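Enquirer: starting from these lines, generate the structure:
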Amino acid sequence: MTKSQANATGNLQVDIISDAGVARSLQDEWTGLATQSSAAPFALPAFALAWWEHLGRGRLHVVTVRERSGRLVGVAPFHVRRLGGLDMVRWLGHGLGAVGELLIGVTKGDVASTIWDNIDPEGRAVLHLLEYRHGGAGLMELRQGDWRARSQLHEICPIIDLRGVANATELLDHPDRRGLRKQLTRVDRRMERDGAKVSISIAETPSQVRDALPAVEAVYDAAEAANPRQHLLRGPYRPFLIAALDDAARRGHLALLVAEIDGEPAAFDIHLGIGNTASAWLGRHHPDVAPRSPGHLLLRAGVDWATAAGYDRFDLQLGADQYKMRWASGTYDTVSVIAARTSARLSRARGTIAAVEVGFTTRARLPRRRPAVT
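Expert: Numbering: from 1, shown residues only. Purely as a prediction, here's the structure:
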(Lines give C-alpha, C1' and ligand atoms only; values in the text may rest on other atoms or scores of the structure.)
Protein backbone atom coordinates (compact mmCIF):
# COMPACT_ATOMS: atom_id res chain seq x y z
CA MET A 1 0.00 0.00 0.00
CA THR A 2 1.54 3.27 -1.10
CA LYS A 3 1.05 6.13 1.34
CA SER A 4 2.96 9.12 2.50
CA GLN A 5 3.89 9.45 6.13
CA ALA A 6 1.04 9.09 8.57
CA ASN A 7 0.65 11.66 11.32
CA ALA A 8 -1.05 11.14 14.64
CA THR A 9 -2.85 14.28 15.79
CA GLY A 10 -4.60 13.81 19.13
CA ASN A 11 -7.19 11.10 18.59
CA LEU A 12 -7.01 11.41 14.81
CA GLN A 13 -4.81 9.62 12.30
CA VAL A 14 -3.90 11.36 9.01
CA ASP A 15 -2.77 9.65 5.79
CA ILE A 16 -1.90 11.18 2.43
CA ILE A 17 -2.69 8.73 -0.36
CA SER A 18 -0.83 9.02 -3.64
CA ASP A 19 -1.67 5.59 -5.08
CA ALA A 20 -4.89 5.28 -7.12
CA GLY A 21 -5.34 1.63 -6.16
CA VAL A 22 -5.25 2.51 -2.48
CA ALA A 23 -7.71 5.35 -3.06
CA ARG A 24 -10.08 3.01 -4.90
CA SER A 25 -9.98 0.58 -1.99
CA LEU A 26 -11.62 3.33 0.07
CA GLN A 27 -14.55 3.86 -2.29
CA ASP A 28 -17.25 2.40 -0.05
CA GLU A 29 -16.14 4.38 3.01
CA TRP A 30 -15.52 7.51 0.94
CA THR A 31 -18.94 7.25 -0.73
CA GLY A 32 -20.57 6.84 2.67
CA LEU A 33 -18.89 9.98 3.97
CA ALA A 34 -19.88 11.93 0.83
CA THR A 35 -23.48 10.76 1.26
CA GLN A 36 -23.48 11.76 4.90
CA SER A 37 -22.23 15.21 3.87
CA SER A 38 -24.69 15.59 0.93
CA ALA A 39 -21.64 16.59 -1.09
CA ALA A 40 -21.31 17.93 -4.63
CA PRO A 41 -20.86 15.41 -7.49
CA PHE A 42 -17.06 15.47 -7.70
CA ALA A 43 -16.78 14.60 -4.02
CA LEU A 44 -17.98 11.12 -4.98
CA PRO A 45 -15.09 8.78 -5.74
CA ALA A 46 -17.10 7.63 -8.78
CA PHE A 47 -16.36 11.00 -10.36
CA ALA A 48 -13.19 12.11 -8.59
CA LEU A 49 -11.19 8.95 -9.23
CA ALA A 50 -12.50 8.49 -12.78
CA TRP A 51 -11.35 12.05 -13.50
CA TRP A 52 -7.93 11.27 -12.02
CA GLU A 53 -7.54 8.06 -14.00
CA HIS A 54 -8.47 9.55 -17.37
CA LEU A 55 -7.73 13.28 -17.14
CA GLY A 56 -5.57 13.94 -14.09
CA ARG A 57 -2.00 15.21 -14.23
CA GLY A 58 0.60 15.51 -11.50
CA ARG A 59 0.19 13.24 -8.49
CA LEU A 60 -2.73 12.05 -6.44
CA HIS A 61 -3.00 13.67 -3.01
CA VAL A 62 -6.07 12.38 -1.15
CA VAL A 63 -5.93 13.25 2.54
CA THR A 64 -7.86 10.96 4.88
CA VAL A 65 -8.53 11.29 8.59
CA ARG A 66 -9.54 8.42 10.84
CA GLU A 67 -10.44 8.10 14.47
CA ARG A 68 -8.35 5.69 16.54
CA SER A 69 -11.16 3.18 16.09
CA GLY A 70 -10.40 3.24 12.36
CA ARG A 71 -13.60 5.02 11.33
CA LEU A 72 -13.12 7.37 8.37
CA VAL A 73 -14.18 10.89 9.41
CA GLY A 74 -12.49 13.12 6.84
CA VAL A 75 -11.53 13.13 3.16
CA ALA A 76 -9.87 15.92 1.18
CA PRO A 77 -10.04 14.87 -2.52
CA PHE A 78 -6.95 16.62 -3.91
CA HIS A 79 -4.20 16.21 -6.47
CA VAL A 80 -0.94 18.15 -6.87
CA ARG A 81 -0.01 19.78 -10.17
CA ARG A 82 3.33 21.53 -10.70
CA LEU A 83 2.91 24.90 -12.42
CA GLY A 84 5.41 27.74 -12.64
CA GLY A 85 7.81 25.93 -10.33
CA LEU A 86 5.14 25.57 -7.61
CA ASP A 87 3.35 22.46 -6.32
CA MET A 88 -0.32 23.44 -6.45
CA VAL A 89 -2.89 21.45 -4.50
CA ARG A 90 -6.19 21.33 -6.38
CA TRP A 91 -9.52 19.51 -6.19
CA LEU A 92 -9.88 16.30 -8.12
CA GLY A 93 -12.01 17.40 -11.08
CA HIS A 94 -10.38 20.83 -11.38
CA GLY A 95 -11.58 22.46 -14.59
CA LEU A 96 -14.79 20.42 -14.97
CA GLY A 97 -17.06 22.39 -12.66
CA ALA A 98 -15.89 20.62 -9.51
CA VAL A 99 -17.57 22.49 -6.64
CA GLY A 100 -15.59 21.38 -3.61
CA GLU A 101 -15.33 21.28 0.16
CA LEU A 102 -13.82 18.90 2.67
CA LEU A 103 -15.84 15.81 3.53
CA ILE A 104 -16.18 15.68 7.30
CA GLY A 105 -18.13 13.22 9.41
CA VAL A 106 -19.41 13.56 12.95
CA THR A 107 -16.51 13.24 15.40
CA LYS A 108 -15.11 14.83 18.54
CA GLY A 109 -11.89 15.95 16.86
CA ASP A 110 -11.24 18.99 14.68
CA VAL A 111 -10.97 17.18 11.36
CA ALA A 112 -10.70 20.25 9.14
CA SER A 113 -7.82 21.81 11.07
CA THR A 114 -6.10 18.42 11.17
CA ILE A 115 -6.28 18.21 7.38
CA TRP A 116 -4.86 21.71 6.85
CA ASP A 117 -2.11 21.17 9.41
CA ASN A 118 -0.95 17.94 7.75
CA ILE A 119 -1.75 18.40 4.08
CA ASP A 120 1.74 19.59 3.19
CA PRO A 121 4.39 17.91 5.37
CA GLU A 122 7.24 19.75 3.61
CA GLY A 123 5.60 23.16 3.84
CA ARG A 124 6.19 24.10 0.20
CA ALA A 125 2.83 23.58 -1.50
CA VAL A 126 0.28 26.16 -2.55
CA LEU A 127 -3.48 25.64 -2.35
CA HIS A 128 -5.41 26.58 -5.49
CA LEU A 129 -8.99 25.55 -4.74
CA LEU A 130 -11.32 26.76 -7.46
CA GLU A 131 -15.08 26.63 -6.78
CA TYR A 132 -14.84 26.12 -3.01
CA ARG A 133 -18.41 26.31 -1.74
CA HIS A 134 -18.71 29.53 0.27
CA GLY A 135 -19.30 28.46 3.87
CA GLY A 136 -18.35 24.90 2.96
CA ALA A 137 -16.70 22.47 5.35
CA GLY A 138 -13.12 23.42 6.15
CA LEU A 139 -13.08 26.92 4.67
CA MET A 140 -13.34 28.76 7.99
CA GLU A 141 -10.60 26.58 9.54
CA LEU A 142 -8.31 27.31 6.59
CA ARG A 143 -8.76 31.05 7.06
CA GLN A 144 -8.16 30.81 10.81
CA GLY A 145 -5.11 28.56 10.62
CA ASP A 146 -1.47 29.15 9.75
CA TRP A 147 -2.08 29.46 6.02
CA ARG A 148 -1.95 32.86 4.31
CA ALA A 149 -5.20 32.66 2.32
CA ARG A 150 -6.93 34.87 -0.23
CA SER A 151 -10.39 34.13 -1.58
CA GLN A 152 -12.48 35.76 -4.28
CA LEU A 153 -16.12 35.23 -5.19
CA HIS A 154 -16.19 33.19 -8.37
CA GLU A 155 -19.57 31.68 -9.32
CA ILE A 156 -23.24 31.51 -8.30
CA CYS A 157 -25.08 28.22 -7.84
CA PRO A 158 -28.92 28.32 -7.82
CA ILE A 159 -30.76 25.85 -5.59
CA ILE A 160 -34.38 24.68 -5.35
CA ASP A 161 -35.83 23.99 -1.91
CA LEU A 162 -37.87 20.78 -2.22
CA ARG A 163 -38.94 20.45 1.40
CA GLY A 164 -42.70 19.99 1.61
CA VAL A 165 -43.03 19.72 -2.17
CA ALA A 166 -44.55 16.55 -3.62
CA ASN A 167 -43.78 17.15 -7.32
CA ALA A 168 -43.02 19.76 -9.96
CA THR A 169 -46.69 20.75 -10.27
CA GLU A 170 -46.78 21.79 -6.61
CA LEU A 171 -43.51 23.67 -7.00
CA LEU A 172 -44.83 25.55 -10.04
CA ASP A 173 -48.01 26.50 -8.16
CA HIS A 174 -45.97 28.89 -6.02
CA PRO A 175 -46.81 32.55 -6.84
CA ASP A 176 -43.13 33.34 -7.51
CA ARG A 177 -43.19 30.86 -10.41
CA ARG A 178 -46.33 32.10 -12.10
CA GLY A 179 -44.45 33.24 -15.21
CA LEU A 180 -42.60 29.93 -15.50
CA ARG A 181 -45.84 28.00 -15.04
CA LYS A 182 -47.46 29.95 -17.85
CA GLN A 183 -44.47 29.40 -20.13
CA LEU A 184 -44.56 25.65 -19.60
CA THR A 185 -48.32 25.62 -20.19
CA ARG A 186 -47.80 27.42 -23.51
CA VAL A 187 -45.07 24.94 -24.48
CA ASP A 188 -47.31 21.97 -23.64
CA ARG A 189 -50.22 23.42 -25.60
CA ARG A 190 -48.00 24.21 -28.59
CA MET A 191 -46.67 20.66 -28.58
CA GLU A 192 -50.22 19.31 -28.44
CA ARG A 193 -51.39 21.62 -31.22
CA ASP A 194 -48.48 20.58 -33.43
CA GLY A 195 -49.07 16.93 -32.70
CA ALA A 196 -45.55 16.59 -31.32
CA LYS A 197 -44.95 13.59 -29.11
CA VAL A 198 -42.65 14.31 -26.19
CA SER A 199 -41.19 11.57 -24.02
CA ILE A 200 -38.65 11.76 -21.20
CA SER A 201 -36.88 8.62 -20.05
CA ILE A 202 -34.74 8.22 -16.94
CA ALA A 203 -31.75 5.87 -16.99
CA GLU A 204 -30.58 4.87 -13.51
CA THR A 205 -28.89 1.48 -13.91
CA PRO A 206 -25.66 0.75 -15.82
CA SER A 207 -27.53 -1.11 -18.57
CA GLN A 208 -30.07 1.69 -18.94
CA VAL A 209 -27.25 4.23 -19.16
CA ARG A 210 -25.52 2.23 -21.88
CA ASP A 211 -28.78 2.05 -23.84
CA ALA A 212 -29.28 5.83 -23.48
CA LEU A 213 -25.76 6.83 -24.56
CA PRO A 214 -26.41 6.91 -28.34
CA ALA A 215 -29.20 9.45 -27.83
CA VAL A 216 -27.03 11.49 -25.47
CA GLU A 217 -24.19 11.44 -27.98
CA ALA A 218 -26.45 12.56 -30.83
CA VAL A 219 -27.63 15.56 -28.78
CA TYR A 220 -24.09 16.36 -27.68
CA ASP A 221 -22.75 16.27 -31.26
CA ALA A 222 -25.47 18.64 -32.49
CA ALA A 223 -25.07 21.00 -29.52
CA GLU A 224 -21.28 21.18 -29.93
CA ALA A 225 -21.55 21.76 -33.68
CA ALA A 226 -23.75 24.79 -33.04
CA ASN A 227 -22.01 26.06 -29.90
CA PRO A 228 -18.61 24.47 -29.11
CA ARG A 229 -17.98 24.31 -25.37
CA GLN A 230 -16.58 21.06 -24.04
CA HIS A 231 -17.60 17.71 -25.53
CA LEU A 232 -17.34 15.15 -22.76
CA LEU A 233 -18.06 12.27 -25.13
CA ARG A 234 -15.12 13.03 -27.38
CA GLY A 235 -11.36 12.71 -27.03
CA PRO A 236 -9.84 12.08 -23.59
CA TYR A 237 -13.07 13.11 -21.85
CA ARG A 238 -15.11 10.18 -23.17
CA PRO A 239 -13.63 7.34 -21.07
CA PHE A 240 -13.85 9.58 -17.99
CA LEU A 241 -17.55 10.32 -18.47
CA ILE A 242 -18.52 6.74 -19.29
CA ALA A 243 -16.59 5.36 -16.31
CA ALA A 244 -18.05 7.96 -13.94
CA LEU A 245 -21.63 7.37 -15.10
CA ASP A 246 -21.26 3.60 -14.84
CA ASP A 247 -19.86 3.75 -11.30
CA ALA A 248 -22.47 6.29 -10.13
CA ALA A 249 -25.27 4.17 -11.62
CA ARG A 250 -23.97 1.01 -9.91
CA ARG A 251 -24.02 2.82 -6.58
CA GLY A 252 -27.51 4.26 -7.06
CA HIS A 253 -26.54 7.93 -7.35
CA LEU A 254 -27.39 8.61 -11.00
CA ALA A 255 -30.38 9.79 -13.02
CA LEU A 256 -29.73 10.38 -16.73
CA LEU A 257 -32.75 12.10 -18.27
CA VAL A 258 -33.21 12.01 -22.05
CA ALA A 259 -35.97 13.92 -23.85
CA GLU A 260 -37.16 12.84 -27.27
CA ILE A 261 -39.52 14.75 -29.56
CA ASP A 262 -41.25 12.68 -32.22
CA GLY A 263 -38.81 9.89 -31.54
CA GLU A 264 -35.68 12.00 -32.08
CA PRO A 265 -33.17 12.83 -29.29
CA ALA A 266 -33.74 16.43 -28.20
CA ALA A 267 -31.99 17.04 -24.86
CA PHE A 268 -30.42 15.38 -21.83
CA ASP A 269 -29.61 16.16 -18.21
CA ILE A 270 -27.31 14.27 -15.84
CA HIS A 271 -28.36 14.42 -12.18
CA LEU A 272 -26.55 12.98 -9.15
CA GLY A 273 -28.28 12.22 -5.86
CA ILE A 274 -26.06 12.37 -2.77
CA GLY A 275 -27.46 12.34 0.77
CA ASN A 276 -30.41 14.74 0.90
CA THR A 277 -29.33 16.68 -2.22
CA ALA A 278 -29.88 16.14 -5.94
CA SER A 279 -27.38 17.94 -8.16
CA ALA A 280 -27.80 18.84 -11.84
CA TRP A 281 -24.30 18.37 -13.22
CA LEU A 282 -24.43 18.37 -17.01
CA GLY A 283 -27.01 18.93 -19.73
CA ARG A 284 -27.25 19.93 -23.40
CA HIS A 285 -29.99 20.28 -25.98
CA HIS A 286 -30.25 19.98 -29.76
CA PRO A 287 -30.22 23.50 -31.25
CA ASP A 288 -33.31 22.75 -33.35
CA VAL A 289 -35.50 22.32 -30.26
CA ALA A 290 -34.43 25.50 -28.43
CA PRO A 291 -37.82 27.24 -29.03
CA ARG A 292 -39.53 24.40 -27.20
CA SER A 293 -37.85 25.16 -23.86
CA PRO A 294 -36.03 21.82 -23.46
CA GLY A 295 -34.20 22.99 -20.33
CA HIS A 296 -37.48 23.73 -18.55
CA LEU A 297 -39.07 20.48 -19.73
CA LEU A 298 -36.17 18.42 -18.42
CA LEU A 299 -35.93 20.35 -15.16
CA ARG A 300 -39.64 19.77 -14.56
CA ALA A 301 -39.04 16.05 -15.01
CA GLY A 302 -35.92 16.31 -12.83
CA VAL A 303 -37.88 17.88 -9.98
CA ASP A 304 -40.43 15.06 -10.24
CA TRP A 305 -37.59 12.53 -10.03
CA ALA A 306 -35.93 14.31 -7.09
CA THR A 307 -39.11 14.71 -5.04
CA ALA A 308 -40.13 11.09 -5.67
CA ALA A 309 -36.68 10.00 -4.49
CA GLY A 310 -37.05 12.05 -1.29
CA TYR A 311 -34.36 14.72 -1.83
CA ASP A 312 -34.73 17.94 0.17
CA ARG A 313 -33.01 20.24 -2.27
CA PHE A 314 -31.96 20.44 -5.89
CA ASP A 315 -28.55 22.02 -6.48
CA LEU A 316 -28.39 23.41 -10.03
CA GLN A 317 -24.62 23.84 -9.73
CA LEU A 318 -22.45 26.46 -11.42
CA GLY A 319 -23.97 29.32 -13.38
CA ALA A 320 -26.86 31.71 -12.80
CA ASP A 321 -28.46 30.97 -16.18
CA GLN A 322 -31.85 32.59 -16.62
CA TYR A 323 -33.72 29.31 -16.90
CA LYS A 324 -32.11 28.07 -13.66
CA MET A 325 -32.91 31.26 -11.76
CA ARG A 326 -36.59 31.01 -12.70
CA TRP A 327 -36.75 27.70 -10.83
CA ALA A 328 -34.49 28.65 -7.93
CA SER A 329 -35.52 29.24 -4.32
CA GLY A 330 -32.10 30.69 -3.47
CA THR A 331 -28.42 30.59 -4.33
CA TYR A 332 -24.99 30.04 -2.81
CA ASP A 333 -21.61 31.34 -3.93
CA THR A 334 -18.38 29.61 -4.74
CA VAL A 335 -14.99 31.18 -4.13
CA SER A 336 -11.55 30.77 -5.62
CA VAL A 337 -9.04 30.17 -2.81
CA ILE A 338 -5.28 30.62 -3.04
CA ALA A 339 -3.25 29.90 0.08
CA ALA A 340 0.39 29.39 1.06
CA ARG A 341 2.46 29.17 4.21
CA THR A 342 4.26 32.47 3.63
CA SER A 343 3.24 35.82 2.18
CA ALA A 344 6.05 35.67 -0.38
CA ARG A 345 4.94 32.27 -1.67
CA LEU A 346 1.32 33.44 -1.73
CA SER A 347 2.26 36.44 -3.86
CA ARG A 348 4.22 34.25 -6.25
CA ALA A 349 1.34 31.78 -6.48
CA ARG A 350 -1.19 34.49 -7.31
CA GLY A 351 1.03 35.72 -10.14
CA THR A 352 1.55 32.21 -11.51
CA ILE A 353 -2.16 31.39 -11.43
CA ALA A 354 -3.05 34.68 -13.13
CA ALA A 355 -0.58 33.91 -15.93
CA VAL A 356 -1.97 30.38 -16.35
CA GLU A 357 -5.54 31.71 -16.56
CA VAL A 358 -4.57 34.28 -19.20
CA GLY A 359 -2.90 31.54 -21.23
CA PHE A 360 -5.91 29.26 -20.93
CA THR A 361 -8.30 32.03 -22.00
CA THR A 362 -6.13 32.78 -25.02
CA ARG A 363 -6.03 29.10 -26.04
CA ALA A 364 -9.79 28.79 -25.60
CA ARG A 365 -10.34 31.52 -28.21
CA LEU A 366 -8.29 29.70 -30.82
CA PRO A 367 -9.87 27.23 -33.29
CA ARG A 368 -10.37 23.99 -31.39
CA ARG A 369 -8.97 20.81 -32.88
CA ARG A 370 -9.21 18.76 -29.73
CA PRO A 371 -10.27 19.33 -26.11
CA ALA A 372 -7.62 20.97 -23.95
CA VAL A 373 -6.99 19.48 -20.52
CA THR A 374 -5.47 21.91 -18.02
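Enquirer: switch to C-alpha atoms for all contacts and neighbour counts from now on
Expert: Noted.
Enquirer: ranges for the helices of this structure?
Expert: Shown for the chain, the helices assigned by DSSP state H span residues 20-25, 27-37, 45-55, 111-118, 139-144, 168-172, 178-194, 206-226, 237-250, 294-308, 322-327, 343-364.
Enquirer: residue 162: which of those helices is closest?
Expert: Nearest to residue 162, of all the helices of the chain, is helix 294-308, at 6.8 Å by C-alpha to C-alpha.
Enquirer: what is that closest one packed up against?
Expert: helix 168-172, strand 254-261, strand 264-274, strand 277-285 (3 or more C-alpha pairs under 8 Å, 6 or more residues apart in numbering; DSSP states H and E).
Enquirer: parallel or antiparallel, list what pairs with the second one.
Expert: Spelled out, it's strand 254-261. Sheet partners assigned to strand 254-261 using DSSP bridges are listed as strand 198-203 (antiparallel), strand 264-274 (antiparallel).
Enquirer: buried stuff in the shortest one?
Expert: Pointing back at strand 198-203 there. 198, 200, 201, 202, 203 (16 or more other C-alpha atoms under 10 Å).
Enquirer: of those residues, closest to residue 42?
Expert: Looking across the buried residues of strand 198-203 and measuring by C-alpha to C-alpha, the closest to residue 42 is residue 203, at 19.8 Å.
Enquirer: before we move on, back to that, how about TSV for the helices and strands packed on helix 294-308, with distance to residue 137 and mean pLDDT added?
Expert: What follows is the helices and strands packed on helix 294-308, written out as TSV (distance: least, C-alpha to C-alpha, whole Å; pLDDT from 0 to 100):
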stretch	distance to residue 137	mean pLDDT
helix 168-172	30	96
strand 254-261	24	97
strand 264-274	16	96
strand 277-285	16	95
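Enquirer: what's the residue of the chain most remote from its centre in contact with, if anything?
Expert: Relative to the C-alpha centroid of the chain, counting by C-alpha atoms, centre = their mean, residue 193 is the outermost residue, at 38.7 Å. If you count contacts by C-alpha atoms under 8 Å, 6 or more residues apart in numbering, residue 193 has none.
Enquirer: number of residues surrounding residue 278?
Expert: Look at residue 278: counted by other C-alpha atoms under 10 Å, it has 33 neighbours.
Enquirer: name whatever forms a beta bridge with it.
Expert: Residues in beta-bridge contact with residue 278 (DSSP bridges): residue 273, residue 314.
Enquirer: and the pLDDT at the residue farthest from the centre of the chain?
Expert: According to the prediction, residue 193 has pLDDT 93.
Enquirer: with residue 39 instead?
Expert: For residue 39, the predicted pLDDT is 88.
Enquirer: then the one 10 residues further on?
Expert: At residue 49, the pLDDT value in this model is 96.
Enquirer: so which of the helices of the chain comes closest to residue 86?
Expert: helix 343-364 (7.4 Å).
Enquirer: now do the closest one, average pLDDT.
Expert: 75.
Enquirer: which residues are contacting stretch 132-151?
Expert: By C-alpha under 8 Å, 6+ apart, stretch 132-151 touches 99-104, 112-113, 116, 332-343, 346.
Enquirer: distance to residue 80 added to the helices and strands packed on helix 294-308, as TSV?
Expert: Formatted as TSV, these follow (distance: least, C-alpha to C-alpha, whole Å):
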stretch	distance to residue 80
helix 168-172	42
strand 254-261	28
strand 264-274	26
strand 277-285	24
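Enquirer: for residue 87, which of these is the nearest?
Expert: Closest among these, once you apply C-alpha to C-alpha, is strand 277-285, at 28.8 Å.
Enquirer: and that closest one, how far out from the chain's middle?
Expert: In terms of C-alpha atoms, centre = their mean, to the nearest Å, the centre of strand 277-285 is found 9 Å from the chain centre.
Enquirer: cool, and stretch 31-51?
Expert: 9 Å.
Enquirer: would TSV of the strands paired with strand 254-261 with distance to residue 310 be doable?
Expert: Output for those, formatted as TSV (distance: least, C-alpha to C-alpha, whole Å):
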stretch	distance to residue 310
strand 198-203	16
strand 264-274	10
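Enquirer: out of the helices and strands packed on helix 294-308, flag the one nearest residue 303.
Expert: Residue 303 lies closest to helix 168-172 among the helices and strands packed on helix 294-308, at 5.5 Å (C-alpha to C-alpha).
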